[in-house]
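# using only what follows, build the 3D model:
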Amino acid sequence: MSGVLYSLVALGFVLIFKASGVFNFAQGAMVLLAGLALVRALDLLVAHGVPFWAAIVLGIGFGAAIMAATAWLIERFVIGPLVNQDGLTLFMSTIGVTFVLEGAAEMIFGSDVYPLRLFPTDAWFVFEDLFPGGILVNKLDVWGALIAGILVAGLAIFFQRTKTGRALRAVADDHLAAHSVGIPISWIWFVVWLVAGLVALVAATVWGTKLGVQFSITFLALKALPVLIIGGLTSIPGAIVGGLVVGAGEKIAEVYLGPSIGGGIEYWFPYVLALAVLLVRPQGLFGERIIERI
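Residues are numbered from 1 along each chain as shown. Predicted coordinates for the structure are as follows:
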């Protein structure tokens, strides 16, 4: 379940790549921006005597509004002018967006560590009859797994069953062809960046509760990369499966390989797994195999 928490961040990558063919390096910065907007609004509302439940609703609404404004600005001034450019150009533009979002978020909302308490963080002890002392399960991990499952189900239905979802897939396949049949490219890209921003907000609620909202939360993007590579850049369920593989692999490697080759294995072992998958199946376990005629 700890690996599934990485999937919450990886889902944002998959969404934008699946719908526009852009590898969004700014997803970690979007999680930071969403988390800071939420926690600062929540602190302000509670300080002015607003009931906590109402402050949560208003804070989430404010965070969603910030992410909607961010999606519009990115589409209007970054992605829109680069329509029909190659993937490398679009990828480099998202690196620039990363630095802008990180700087703007800390300049507007502050750069301290802000605690966020939206989910329980205590633990359950389960299977005490089977194992001495039982197994410790963090309630936050359970909430994260449930949220990730709901997101995957909802996004799968969105992409497969809705008109907008099918339009997003068409734009990802061929921008020019989609535009020629009347699909509004600018609107579609705004929608996909908005959905990715809302997914970043959900990830920020879980990771903000786990770590506190702080600058280092942007580095979750690096931890999500092995999840993406293993699951596949174009597969939403693959993001969850990749998270399960990474979460289980890094803990098992730490337990069984740590005593013989040293500690800290869980920090680099997911990248070894990702490299192994790249060598055997470059598109990932659930990714689409792309065949192009030369």
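# from now on I want contacts and neighbour counts done on CA atoms only, so please keep to that.
Fine.
# and residue 112, what helix or strand is that in?
Under the criterion of DSSP states H and E, residue 112 resides outside all helices and strands.
# tell me the spacing between it and residue 103.
13 Å (C-alpha to C-alpha, to the nearest Å).
# which element is the closest residue to residue 185 other than its chain neighbours on?
Spatial nearest neighbour of residue 185, excluding adjacent residues (C-alpha to C-alpha, 6 or more residues apart in numbering): residue 179 at 6.3 Å. Assessed by DSSP H and E, residue 179 sits inside helix 175-180.
# can you name the residues in contact with that helix?
83, 84, 167, 170, 171, 185 (C-alpha atoms under 8 Å, 6 or more residues apart in numbering).
# could those go into a markdown table alongside secondary structure and pLDDT?
Below are the contacts of helix 175-180 laid out as a markdown table (DSSP: H, G, I helix; E, B strand; the rest coil; pLDDT from 0 to 100):
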| residue | secondary structure | pLDDT |
| --- | --- | --- |
| 83 | coil | 73 |
| 84 | coil | 73 |
| 167 | helix | 85 |
| 170 | helix | 81 |
| 171 | helix | 78 |
| 185 | helix | 81 |
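# quick one: which of residue 112 and residue 103 has more around it?
residue 103 (15 against 12; other C-alpha atoms under 10 Å).
# confirm the more buried one sits in a strand?
No - secondary structure of residue 103 (DSSP: H, G, I helix; E, B strand; the rest coil): helix, not part of a strand.
# what ranges does the stretch 51-200 of the chain have for its helices?
52-74, 87-109, 139-161, 163-173, 175-180, 185-211 (DSSP state H, counting those that start in this stretch).
# tell me the most buried of these?
With neighbours defined as mean count of other C-alpha atoms under 10 Å, the helices of the stretch 51-200 of the chain peak in mean count at helix 185-211, which reaches a mean of 23.
# so which elements touch it?
When contacts are defined as 3 or more C-alpha pairs under 8 Å, 6 or more residues apart in numbering; DSSP states H and E, helix 185-211 sits against helix 2-20, helix 27-47, helix 52-74, helix 139-161, helix 163-173, helix 175-180.
# could you dump the ones you listed into a markdown table with distance to residue 201 added?
Shown next, in a markdown table, are the helices and strands packed on helix 185-211 (distance: least, C-alpha to C-alpha, whole Å):
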| stretch | distance to residue 201 |
| --- | --- |
| helix 2-20 | 10 |
| helix 27-47 | 5 |
| helix 52-74 | 7 |
| helix 139-161 | 12 |
| helix 163-173 | 20 |
| helix 175-180 | 28 |
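# among those, which is nearest residue 282?
Smallest distance to residue 282 across the helices and strands packed on helix 185-211 (C-alpha to C-alpha): 15.6 Å, for helix 2-20.
# show me what contacts residue 266?
249, 250, 251, 253, 254.
# so how far is residue 148 from it?
Computed as C-alpha to C-alpha, the residue 266 to residue 148 distance reads 22 Å.
# and residue 123, by the same measure?
Distance from residue 123 to residue 148, by C-alpha to C-alpha: 19 Å.
# likewise for residue 174?
29 Å.
# same deal with residue 87?
Taking C-alpha to C-alpha, one finds residue 87 at 28 Å from residue 148.
# pretty sure residue 212 contacts residue 118?
No - using C-alpha atoms under 8 Å, residue 212 makes no contact with residue 118, being 11.0 Å away.
# among these two, which residue is more densely surrounded?
More neighbours surround residue 212 than the other of residue 212 and residue 118, with 22 against 13 (other C-alpha under 10 Å).
# tell me who's in contact with that one.
113, 114, 115, 116.
# could I get the helices of the stretch 51-200 of the chain as TSV with distance to residue 276?
Listed next are the helices of the stretch 51-200 of the chain as TSV, based on distance: least, C-alpha to C-alpha, whole Å:
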stretch	distance to residue 276
helix 52-74	35
helix 87-109	24
helix 139-161	26
helix 163-173	27
helix 175-180	33
helix 185-211	28
